[in-house]
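Trainee: prediction below, plus the sequence it came from.
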Amino acid sequence: MSNVAILRTDRAEKTREYLGPADVTAVFANEAEVRLPNGALTRARLALAFTYEPRPDDVVLVIGNADGYYVIGVLSGRGRTVLEFHGDVDLRAVGGSLNLAADKGVRIDAPEVEVQANTLRMMAGAVMQKFSSLKQRVTELLSVHAGQSHTVVDEAAFQQSKSATVQTSEKVLINGKEIHLG
(Lines give C-alpha, C1' and ligand atoms only; values in the text may rest on other atoms or scores of the structure.)
Protein backbone atom coordinates (compact mmCIF):
# COMPACT_ATOMS: atom_id res chain seq x y z
CA MET A 1 0.00 0.00 0.00
CA SER A 2 1.24 3.42 -0.88
CA ASN A 3 0.55 6.82 0.65
CA VAL A 4 0.88 8.93 -2.48
CA ALA A 5 -1.09 12.15 -2.58
CA ILE A 6 -1.42 14.52 -5.48
CA LEU A 7 -1.22 17.97 -4.01
CA ARG A 8 -2.11 20.08 -7.04
CA THR A 9 -1.95 19.70 -10.80
CA ASP A 10 -3.18 21.68 -13.76
CA ARG A 11 -5.83 18.97 -14.31
CA ALA A 12 -7.07 19.29 -10.74
CA GLU A 13 -7.06 23.06 -11.10
CA LYS A 14 -9.02 22.92 -14.38
CA THR A 15 -11.79 20.76 -12.94
CA ARG A 16 -12.72 23.24 -10.21
CA GLU A 17 -15.81 25.35 -10.69
CA TYR A 18 -14.95 28.65 -12.31
CA LEU A 19 -16.75 31.83 -13.33
CA GLY A 20 -14.65 34.73 -14.53
CA PRO A 21 -12.46 36.17 -17.27
CA ALA A 22 -10.20 34.13 -19.53
CA ASP A 23 -7.87 35.03 -22.39
CA VAL A 24 -8.52 33.44 -25.79
CA THR A 25 -5.37 31.72 -27.07
CA ALA A 26 -6.75 29.80 -30.07
CA VAL A 27 -10.04 29.48 -31.95
CA PHE A 28 -11.74 26.35 -33.30
CA ALA A 29 -15.11 25.62 -34.97
CA ASN A 30 -17.52 26.14 -32.04
CA GLU A 31 -15.07 26.59 -29.22
CA ALA A 32 -12.04 28.52 -28.10
CA GLU A 33 -8.95 27.58 -26.18
CA VAL A 34 -8.74 29.89 -23.18
CA ARG A 35 -6.16 30.58 -20.50
CA LEU A 36 -7.67 30.81 -17.03
CA PRO A 37 -6.16 33.24 -14.49
CA ASN A 38 -4.26 30.35 -12.85
CA GLY A 39 -2.48 29.74 -16.18
CA ALA A 40 -4.35 26.55 -17.07
CA LEU A 41 -5.38 26.10 -20.72
CA THR A 42 -8.76 24.57 -21.51
CA ARG A 43 -11.26 24.45 -24.33
CA ALA A 44 -14.54 26.29 -23.83
CA ARG A 45 -17.64 25.89 -26.00
CA LEU A 46 -19.18 29.08 -27.35
CA ALA A 47 -22.54 29.49 -25.58
CA LEU A 48 -23.42 33.09 -26.38
CA ALA A 49 -26.89 34.40 -27.20
CA PHE A 50 -25.44 35.70 -30.50
CA THR A 51 -22.86 34.46 -32.97
CA TYR A 52 -19.42 35.80 -32.10
CA GLU A 53 -16.18 34.82 -33.79
CA PRO A 54 -13.51 35.23 -31.10
CA ARG A 55 -9.90 36.09 -31.86
CA PRO A 56 -6.74 35.34 -29.92
CA ASP A 57 -6.17 37.92 -27.15
CA ASP A 58 -9.92 38.50 -26.66
CA VAL A 59 -11.01 38.43 -23.03
CA VAL A 60 -14.14 36.35 -22.55
CA LEU A 61 -16.35 35.43 -19.61
CA VAL A 62 -16.08 31.70 -18.92
CA ILE A 63 -18.11 29.42 -16.68
CA GLY A 64 -17.25 25.79 -16.10
CA ASN A 65 -16.40 22.78 -14.00
CA ALA A 66 -15.15 19.22 -14.50
CA ASP A 67 -17.92 18.60 -17.04
CA GLY A 68 -16.82 21.41 -19.35
CA TYR A 69 -16.27 25.11 -19.85
CA TYR A 70 -18.44 27.57 -21.75
CA VAL A 71 -17.89 31.07 -23.09
CA ILE A 72 -20.95 33.03 -21.93
CA GLY A 73 -19.81 36.60 -22.56
CA VAL A 74 -17.27 38.86 -24.25
CA LEU A 75 -15.48 41.30 -21.94
CA SER A 76 -13.03 42.71 -24.47
CA GLY A 77 -13.12 41.54 -28.06
CA ARG A 78 -11.99 42.32 -31.58
CA GLY A 79 -13.85 39.46 -33.25
CA ARG A 80 -16.84 39.63 -35.54
CA THR A 81 -20.37 39.57 -34.14
CA VAL A 82 -23.09 38.16 -36.36
CA LEU A 83 -26.82 38.58 -35.79
CA GLU A 84 -28.44 36.00 -38.03
CA PHE A 85 -32.15 35.16 -38.15
CA HIS A 86 -34.22 32.78 -40.25
CA GLY A 87 -37.37 34.07 -41.96
CA ASP A 88 -38.76 37.60 -41.88
CA VAL A 89 -37.44 39.96 -39.19
CA ASP A 90 -38.80 43.29 -37.95
CA LEU A 91 -36.53 45.73 -36.12
CA ARG A 92 -38.68 48.42 -34.53
CA ALA A 93 -38.30 51.19 -31.95
CA VAL A 94 -41.76 51.58 -30.41
CA GLY A 95 -42.31 55.13 -29.17
CA GLY A 96 -38.78 56.24 -30.11
CA SER A 97 -36.14 56.52 -32.82
CA LEU A 98 -33.92 53.83 -34.28
CA ASN A 99 -30.31 54.91 -34.77
CA LEU A 100 -27.81 52.84 -36.73
CA ALA A 101 -24.19 53.97 -36.42
CA ALA A 102 -20.72 52.58 -37.13
CA ASP A 103 -17.18 53.89 -36.80
CA LYS A 104 -16.12 52.62 -40.24
CA GLY A 105 -19.29 52.47 -42.36
CA VAL A 106 -22.74 51.01 -42.89
CA ARG A 107 -23.48 48.76 -45.86
CA ILE A 108 -26.82 47.38 -47.06
CA ASP A 109 -26.63 44.38 -49.39
CA ALA A 110 -29.84 42.90 -50.82
CA PRO A 111 -31.42 42.09 -54.20
CA GLU A 112 -33.98 44.85 -53.54
CA VAL A 113 -34.06 47.77 -51.06
CA GLU A 114 -37.20 49.81 -50.41
CA VAL A 115 -37.37 53.01 -48.35
CA GLN A 116 -40.74 54.51 -47.38
CA ALA A 117 -41.02 57.78 -45.47
CA ASN A 118 -43.12 60.94 -45.28
CA THR A 119 -39.88 62.95 -45.30
CA LEU A 120 -36.46 61.72 -46.41
CA ARG A 121 -33.38 63.77 -45.48
CA MET A 122 -29.87 62.93 -46.66
CA MET A 123 -26.80 64.92 -45.65
CA ALA A 124 -23.29 64.10 -46.83
CA GLY A 125 -20.02 65.77 -47.70
CA ALA A 126 -20.04 64.00 -51.08
CA VAL A 127 -22.41 61.59 -52.82
CA MET A 128 -21.49 59.14 -55.57
CA GLN A 129 -24.31 57.32 -57.34
CA LYS A 130 -23.93 54.81 -60.15
CA PHE A 131 -26.91 53.29 -61.97
CA SER A 132 -27.53 51.33 -65.16
CA SER A 133 -30.81 53.23 -65.47
CA LEU A 134 -32.42 55.91 -63.27
CA LYS A 135 -36.06 56.99 -63.42
CA GLN A 136 -37.39 59.76 -61.21
CA ARG A 137 -40.99 60.95 -61.01
CA VAL A 138 -41.81 64.13 -59.10
CA THR A 139 -45.52 65.03 -59.01
CA GLU A 140 -45.04 68.61 -57.80
CA LEU A 141 -41.82 70.68 -57.82
CA LEU A 142 -38.26 69.53 -58.54
CA SER A 143 -35.94 72.24 -57.23
CA VAL A 144 -32.15 72.02 -57.41
CA HIS A 145 -29.92 74.74 -55.96
CA ALA A 146 -26.25 74.24 -56.83
CA GLY A 147 -23.04 76.27 -56.73
CA GLN A 148 -22.30 74.97 -60.24
CA SER A 149 -23.87 72.36 -62.51
CA HIS A 150 -22.15 70.13 -65.04
CA THR A 151 -24.01 67.51 -67.07
CA VAL A 152 -22.41 65.24 -69.69
CA VAL A 153 -24.59 62.99 -71.87
CA ASP A 154 -22.73 60.54 -74.14
CA GLU A 155 -25.58 60.18 -76.66
CA ALA A 156 -28.75 62.26 -77.20
CA ALA A 157 -30.38 64.52 -74.61
CA PHE A 158 -34.06 65.48 -74.72
CA GLN A 159 -36.05 67.92 -72.58
CA GLN A 160 -39.77 68.57 -72.97
CA SER A 161 -42.07 70.98 -71.16
CA LYS A 162 -45.08 73.26 -71.77
CA SER A 163 -42.83 76.29 -71.39
CA ALA A 164 -39.17 76.88 -70.56
CA THR A 165 -37.09 79.84 -69.49
CA VAL A 166 -33.32 80.16 -69.45
CA GLN A 167 -32.27 83.21 -67.45
CA THR A 168 -28.72 84.33 -66.81
CA SER A 169 -27.18 87.49 -65.43
CA GLU A 170 -24.32 87.19 -67.91
CA LYS A 171 -23.85 85.48 -71.30
CA VAL A 172 -25.50 82.38 -72.80
CA LEU A 173 -23.38 80.21 -75.10
CA ILE A 174 -24.87 77.66 -77.49
CA ASN A 175 -22.28 75.73 -79.47
CA GLY A 176 -23.22 73.16 -82.13
CA LYS A 177 -22.83 72.30 -85.81
CA GLU A 178 -26.48 73.16 -86.43
CA ILE A 179 -28.98 75.06 -84.33
CA HIS A 180 -32.68 74.73 -85.23
CA LEU A 181 -35.11 77.20 -83.70
CA GLY A 182 -38.89 76.94 -84.13
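Mentor: Yes, it's here.
Trainee: what residues are up against residue 151?
Mentor: Counting by Cβ atoms under 8 Å, 6 or more residues apart in numbering, residue 151 touches residue 157. The C-beta positions use only the backbone N, C-alpha and C, and glycine is treated the same way.
Trainee: what's the answer for the one 5 residues further on, then?
Mentor: When contacts are counted by Cβ under 8 Å, 6+ apart, residue 156 is found next to no other residue.
Trainee: pLDDT wise, what is it at?
Mentor: On pLDDT, residue 156 comes in at 94.
Trainee: this structure: helices as residue ranges?
Mentor: 10-14 (DSSP state H).
Trainee: which residues does stretch 81-93 contact?
Mentor: Outside stretch 81-93, the residues within contact range by Cβ under 8 Å, 6+ apart are 50-53, 98.
Trainee: narrow the residues you listed to those that are buried.
Mentor: residue 52 (16 or more other Cβ atoms under 10 Å).
Trainee: and which of the contacts of stretch 81-93 is nearest residue 29?
Mentor: residue 53 (10.7 Å; Cβ to Cβ).
Trainee: now, which of the contacts of stretch 81-93 sits nearest residue 34?
Mentor: Once Cβ to Cβ is applied, the member of those that ends up nearest residue 34 is residue 52, at 13.6 Å.
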